[in-house]
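Chemist: model this:
(chains A and B)
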There are 2 protein chains.
Amino acid sequence: MSTGPIRLSPAAHTALRPATAARITGGFWAARRRVNAEVSLPQGPDRLERAGNLANLRAAAGAAPAESGFRGDFPFQDSDVHKWLEAASWQLADGGEGPAAKELSRQVERLAGMVAAAQAEDGYLQTHYQLGPDARRWTEPHWGHELYCAGHLLQAAVAHHRATGREELLEVAVRCADLVDATFGPGKDETVCGHPEIETALVELYRETGERRYLDLARYFVDRRGQGSLGDGPEDRSAGPRPGAAYWQDHVRLREATAVAGHAVRQLYLLAGAADVAAETGDAELRDALVRLWEDMAATKTHLTGGVGSRHELESFGDAYELPPDRAYAETCAAVAAVHFGWRMALLTGDARYSDLVERTLFNGFASGVSLDGERWLYVNPLQVRQDGASGQATAGDQSTHRTPWFRCACCPPNVMRLLASLPHYMASGDAGGLQLHQYASGSYEAGGGAVRVGTGYPWEGRIAVVVDRAPRDADWTLSLRIPHWAAAYEATVGGEPVAERAENGWLRLRRRWRPGETVVLSLPLDARLTRPDPRVDAVRGCAAIERGPLVYCLEQPDQPAGLRLDDIALAPGAALGAEHRPELLGGVTVITSRALRRTAPRDGWWPYRDGGEGTGGDTGGAETAARVPVTAIPYYAWANRERGAMRVWIPV
Amino acid sequence: MSTGPIRLSPAAHTALRPATAARITGGFWAARRRVNAEVSLPQGPDRLERAGNLANLRAAAGAAPAESGFRGDFPFQDSDVHKWLEAASWQLADGGEGPAAKELSRQVERLAGMVAAAQAEDGYLQTHYQLGPDARRWTEPHWGHELYCAGHLLQAAVAHHRATGREELLEVAVRCADLVDATFGPGKDETVCGHPEIETALVELYRETGERRYLDLARYFVDRRGQGSLGDGPEDRSAGPRPGAAYWQDHVRLREATAVAGHAVRQLYLLAGAADVAAETGDAELRDALVRLWEDMAATKTHLTGGVGSRHELESFGDAYELPPDRAYAETCAAVAAVHFGWRMALLTGDARYSDLVERTLFNGFASGVSLDGERWLYVNPLQVRQDGASGQATAGDQSTHRTPWFRCACCPPNVMRLLASLPHYMASGDAGGLQLHQYASGSYEAGGGAVRVGTGYPWEGRIAVVVDRAPRDADWTLSLRIPHWAAAYEATVGGEPVAERAENGWLRLRRRWRPGETVVLSLPLDARLTRPDPRVDAVRGCAAIERGPLVYCLEQPDQPAGLRLDDIALAPGAALGAEHRPELLGGVTVITSRALRRTAPRDGWWPYRDGGEGTGGDTGGAETAARVPVTAIPYYAWANRERGAMRVWIPV
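Modeler: Got it, this is the predicted structure:
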């Protein structure tokens, strides 16, 4: 039985099924996951204590005086606890017997007990409303986040049950889900929650319990959206604009939508839930809508790092091709949500492109969300910070471009924790005929009736060795390797012999009668490369970005010559890009070096626009440009781990 | 006596002094001002009635039941009335005897009477607090806008007094100012108001009444800012970030500031007030700080249209060179404030560059704020609207890119009205030796002991005839003509003979013994031109804008061939720019025509980034680019007056 975050029901209609077992044992992600297990997750309970989340649970349980009222700035504080519980549960599922694992298990049971104790008699559980006037329950669908919190409770309980086999938290979730089911639906309360999350959670609870009502309710919520139960939102007297129906995806029915819109995390949680519904019901119309919306997102609203959400305003998607590097919101939670959605689409359709984008998001816009030491976080993940902006004057609070130990709105840290803790299950899948490797991390994976071991120094090295440990003895079996879209020049061997097959639509499918222990070696080309944007991406026209393998690179101030202003340089046409692995730097990274042009002209008077007929020098400053300077790029995920300074991914050419 | 918005005290320390009389009699601005006088201003009282502003005044006066409470979403609703009163007063000062002028005068006295009646015994006047719990007065400096409203009351009263000679409203203002003076200051309440405005208003009241206390209090407020009396602002439970001290310019003392920051309108109102203080006190340190801050704004934070405020978030300035065309906030009020600040700097220093930027702002980012028919408004003035964005889905409410009859936050419309109504006084100035023409509009101007008449078809035509009607008989006198920075190829004659003088630092100074009736003809070159951004302006790299004279042009959907997507075109290198005056279009405009390249490639798969070594086509799409299409550009100020559609100022080259 899988302990991963998705366990399809036996009747599910998907092209692929999750791995039945998955372990990451070494390399890049193992290191990131070790920090998650040893630093981030153990710090969680203390952070939640300091932020008041646990006090709320104690007060709701009557174990502490409730007079002080609800603590925290947001009604969804409980969900931080639920998400930590989910994350820690996935970590427990990963095994480990040492004192650290025992202590984590102890903390999980302690917090799970606090959650259970806080639940009301009728199954209700949201301390914000339990500690406030009771009558307000279910009356604030726009901002109350009640079904959102319930959803995270369900997900935590499912993870806890799969990881530990214990029933207590699952029983809490079932009581809560039954209350939700009794409260919402046709002829009952017909509003939807301002923040999706309950949809995917209900499907997971259906998978865990077999209770069909939960799946039906999830489908109801998906289809009810876009029928105006939320509308533009309540009038308020704040200076801000009303969010509008698109903010919570109530402007159009999902089946009819042609573009992702509104609050990015809301949109993507909804799409993940809809993908779960489509998987379990075989609803082809819904699946087609999801494919259409994913394409709209990927082709017109995704930053090079995989980050989504172009606007600080309302944490929202922008227009097609509105992808500003400096004001990119690219919330860490949106990256997590994009991975959730993308992986579900990969299972649903079997298409490689979904995992291609998942890989990009994981290595870049997701991994940047947590510091290398696992103790500090980014809520927003821009692709550029100017010299000015590095001072932090302009961006304060959660949206700072400096890492913070915890946030006032602390949705992102436990979201990173739960994805890292469950990451092995995003690596491989299976079907009736074989096993598919979507991502490459040293480890062991079982799916499709077989088992493989992967050994690789990826993403620093391009060689990926896959040993087939188990496969059907008397039948052909297909090992499918995803070929990233930048890796057209890959090479592959089986038992040292080049394979005759070529990749199609992103999959190199090796169909054979396999001998146990037979080794496939895939070599992906890791030359550093320059990447250009579509001409419609206005904000980075005339620029290129450095990439190597799945990694997006950036220039960060600390690696450049003293006094070099990042805003003054341009890539030299034809300049070589050199790669050098530096094990002592930032936990060990391969840096890319080049020589750039440095503009020597200072500010030109008081007006930054000038007559620009032909032959006036163009964008790189033309005649102004003189000196060449060495520049060093680091992987984007590793930025903001040293002193404050400017950073940029897109560089003028 | 001048009836313009600035009347320096006799002791003021400025290089130039405002004109003593000024009339605009024809041409571009006369047409815009006629619409203001005949449509916008007369509609004002009805708009204010519908929005509840006048009901608030009646309720505060006890003439209507107050039970219904304060109407409107913002505590500063009164200021809309004050600003309309100021605007209408400047319009009355412009003369006119017809029934329309009589009706406007009647409405002014009606609303002035309502304001007077609403004032409390002790001089207090802000209906938001008068209709709410009285005890809250002066306790909410961050968001209460009490001194802001008081400031607009003072400005209205000064305008009313100068225009009509009547004392009633001035007495209201004096009572209010005396209450403010008794309440605020060293050893009294030492906070400043979250929104500057009182500073410039107190100086104007000082000028009108001679009461020195008002000037001293203005200087106190200017210097008190940056000492932490506001700080980061109060904690709130909303999802938004706390604005931070820079939002209301409390992060640094103005004298020490090196960069404009925070909320753009707040920053610029403060700078205008500080310029008034510097003018009246001769404070050189303050003046130097103002020069420094203007340079920072102009050189690094101003859009081509003169619009300022790069971020929707907090309506704020961004970092240096953060100038996105699509998400430019460029609030109409910020354009008004930039003109107020710039004109004061022109008087203070005598430098031409301030009026150069004022001209740009007036013709572009300011004039765009009101529709051609004077009935609908823009709050934000972006330089690009994409095909998607034109649908209006993403931007709702006041920040819509579609014109609106009035706003929930209706600061902008009466601000446009008051600047248009007082515009003649921004055209010319005088000093001991002569008269300076800063802007070119047909009309008559008296300053510096002389009088001139201007006749011109500017900005459509470059010929400007200036007749010297009066000048000292027995002494040299200098007529100074501002030469815009784009007009290096200007020509000038006196009495038909080319002049020997050349412009220096933006001024062509013609020092002569003048005969009455002598005519100067200045010819400014009006060839359409392409303008390029500084290479540091990331957001429009690789683009050019079309300009002609002081006008910035844009491509708007309705003028293009059917089916042409604006996001798919690029300017053809070397393509000719043709100019054609079309009197029937948009009230009569000169359009610029060219042939552009049209990208024929559709969306290229699901990923908008591709390998970009050399020779892959670059930014215009390379081999994808094929067809040439005719495109037509209109002046930016005239956009958004027809059906909804895409628009862009910056076009890829």
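Chemist: distance of the residue in the stretch 51-200 of chain A that chain B sits nearest to relative to residue A:51?
Modeler: Going by Cβ to the nearest Cβ, chain B is nearest to residue A:73 of the stretch 51-200 of chain A, at 5.1 Å. C-beta: built from backbone N, CA, C; applies to glycine. According to Cβ to Cβ, to the nearest Å, residue A:73 stands 10 Å off from residue A:51.
Chemist: what do you get for residue A:402?
Modeler: Counting by Cβ to Cβ, the gap from residue A:402 to residue A:51 is 19 Å.
Chemist: kindly export the strand or helix carrying residue A:452 (C-alpha atoms) in PDB.
Modeler: Following DSSP states H and E, one finds residue A:452 within strand A:450-456. Only the C-alpha atoms of strand A:450-456 are listed here, as PDB (Å, rounded to 0.1, in the frame of the first residue of the first chain):
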ATOM      1  CA  GLY A 450       8.400  -3.900 -11.100                       C
ATOM      2  CA  ALA A 451      11.100  -2.200  -9.000                       C
ATOM      3  CA  VAL A 452      14.100   0.000  -9.900                       C
ATOM      4  CA  ARG A 453      17.000   1.600  -8.200                       C
ATOM      5  CA  VAL A 454      18.200   5.000  -9.400                       C
ATOM      6  CA  GLY A 455      21.700   6.300  -8.800                       C
ATOM      7  CA  THR A 456      22.700   9.800 -10.000                       C
END
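Chemist: can you name every helix or strand that that strand contacts?
Modeler: Contacts defined by 3 or more Cβ pairs under 8 Å, 6 or more residues apart in numbering or on different chains; DSSP states H and E place strand A:450-456 against strand A:434-437, strand A:443-447, strand A:463-470, strand A:477-482.
Chemist: list, one by one, the residues from the stretch 401-550 of chain A near chain B.
Modeler: A:409, A:485-486, A:529-545 (Cβ under 8 Å from any Cβ of the partner chain).
Chemist: and the closest residue to residue A:81 other than its chain neighbours, its phi and psi?
Modeler: Nearest residue to residue A:81 in three dimensions, chain neighbours excluded: residue A:53, at 5.1 Å (Cβ to Cβ, 6 or more residues apart in numbering or on different chains). Here the main-chain torsion angles of residue A:53 (degrees, to the nearest 10) amount to phi -60, psi -40.
Chemist: doesn't residue A:531 fall inside a strand?
Modeler: Yes: checked against DSSP: H, G, I helix; E, B strand; the rest coil, residue A:531 lies within a strand.
Chemist: follow-up on the earlier one: can you pull the pLDDT of the residue nearest to residue A:81?
Modeler: On pLDDT, residue A:53 comes in at 97.
Chemist: for residue A:475, see how far away it is.
Modeler: Relative to residue A:475, residue A:53 is positioned 53 Å away (Cβ to Cβ).
Chemist: what's next to the helix-or-strand element of chain A with minimal mean pLDDT, contact-wise?
Modeler: Least confident helix or strand, chain A: strand A:625-635 with a mean of 87, by mean pLDDT, DSSP states H and E. For strand A:625-635, the external contacting residues (Cβ atoms under 8 Å, 6 or more residues apart in numbering or on different chains) are A:363-364, A:546, A:551-556, A:559-561, A:564, A:569-570, A:572, A:585-586, A:589-600.
Chemist: what about those, which are in strands?
Modeler: A:546, A:551-556, A:569-570, A:589-599 (DSSP state E).
Chemist: buried ones among these?
Modeler: Among these, those scoring as buried are A:546, A:551-556, A:569-570, A:589-599 (criterion: 16 or more other Cβ atoms under 10 Å in any protein chain shown).
Chemist: right, and residue A:242 touches residue B:400 too?
Modeler: No: using Cβ atoms under 8 Å, residue A:242 is not in contact with residue B:400; the gap is 11.8 Å.
Chemist: in the least confident helix or strand of chain A, what's buried?
Modeler: Neighbour-count burial for strand A:625-635 [16+ other Cβ under 10 Å]: A:625, A:629, A:631, A:632, A:633, A:634, A:635.
Chemist: ok, then the element right after that strand?
Modeler: strand A:647-648.
Chemist: which elements pack onto the strand or helix carrying residue A:57?
Modeler: Using DSSP H and E, the element containing residue A:57 is helix A:53-61. Applying 3+ Cβ pairs under 8 Å, 6+ apart, one finds that helix A:53-61 makes contact with helix A:41-50, helix A:77-93, helix A:99-118, helix A:127-130.
Chemist: which other residues reach that helix?
Modeler: So helix A:53-61 is in contact with A:45, A:48-49, A:64-66, A:68, A:70-72, A:77-78, A:80-81, A:111, A:114-115, A:117-118, A:120, A:125, A:127-128, A:130-131, going by Cβ under 8 Å, 6+ apart.
Chemist: count the neighbours of residue A:46 for me.
Modeler: Other residues within reach of residue A:46, judged by other Cβ atoms under 10 Å in any protein chain shown, total 12.
Chemist: how much space separates it from residue A:131?
Modeler: 22 Å.
Chemist: also residue A:585?
Modeler: According to Cβ to Cβ, residue A:585 and residue A:131 sit 48 Å apart.
Chemist: who's more crowded, the two?
Modeler: residue A:131 (19 against 16).
Chemist: quick one, phi psi at the residue nearest to the more buried one when sequence neighbours are not counted?
Modeler: Closest residue to residue A:131 apart from its sequence neighbours, by Cβ to Cβ, 6+ apart: residue A:70 at 4.4 Å. Main-chain torsions, residue A:70, degrees, to the nearest 10: phi -70, psi 140.
Chemist: wait, doesn't residue A:70 sit right on residue A:127?
Modeler: Yes: using Cβ under 8 Å, residue A:70 is in contact with residue A:127, at 6.3 Å.
Chemist: those two: who's more crowded?
Modeler: residue A:127 (28 against 21).
Chemist: what sits against that one?
Modeler: A:56, A:57, A:59, A:60, A:70, A:77, A:78, A:118.
Chemist: thinking again about what came up before, just name the closest of the buried residues of strand A:625-635 to residue B:452, please.
Modeler: residue A:625 (46.7 Å; Cβ to Cβ).
Chemist: that older thread, between the least confident helix or strand of chain A and strand A:589-599, how big is the angle?
Modeler: Angle, strand A:625-635 to strand A:589-599, by axes from the mean of the first three to the mean of the last three Cα atoms, to 10 degrees: 160 degrees.
Chemist: quick check: the residue in the stretch 401-550 of chain A that chain B sits nearest to vs residue B:536, distance?
Modeler: Closest contact between the stretch 401-550 of chain A and chain B, by Cβ to the nearest Cβ, is at residue A:532 (2.9 Å). Using Cβ to Cβ, residue A:532 is found at 20 Å from residue B:536.
Chemist: report the residue ranges of every domain in chain A.
Modeler: Per automatic domain parsing, the structural domains of chain A span A:17-232+A:246-382+A:395-426, A:428-523, A:529-606+A:614-652.
Chemist: residue A:22: helix or strand, and which one exactly?
Modeler: strand A:21-24.
Chemist: ok, back up a step: want to throw the contacts of residue A:127 into TSV with distance to residue B:209 and pLDDT?
Modeler: As requested, the contacts of residue A:127 are exported to TSV (distance: Cβ to Cβ, whole Å; pLDDT from 0 to 100):
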residue	distance to residue B:209	pLDDT
A:56	58	96
A:57	63	97
A:59	60	95
A:60	62	95
A:70	53	89
A:77	55	96
A:78	60	97
A:118	65	97
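Chemist: more crowded one of residue A:53 and residue A:475?
Modeler: Shown here are residue A:53 and residue A:475; by other Cβ under 10 Å, residue A:53 has more neighbours (24 against 10).
Chemist: residue B:186: which of the helices and strands packed on helix A:53-61 is closest?
Modeler: Taking the helices and strands packed on helix A:53-61 one by one with Cβ to Cβ, helix A:41-50 is closest: 40.7 Å.
Chemist: what's the angle from the closest one to helix A:99-118?
Modeler: Taking the same axes, to 10 degrees, one finds that helix A:41-50 is oriented at 30 degrees with respect to helix A:99-118.
Chemist: what residues sit buried inside helix A:41-50?
Modeler: A:41, A:42, A:43, A:44, A:45, A:47, A:48.
Chemist: for it, what is the average pLDDT?
Modeler: Computed over helix A:41-50, the mean pLDDT rounds to 97.
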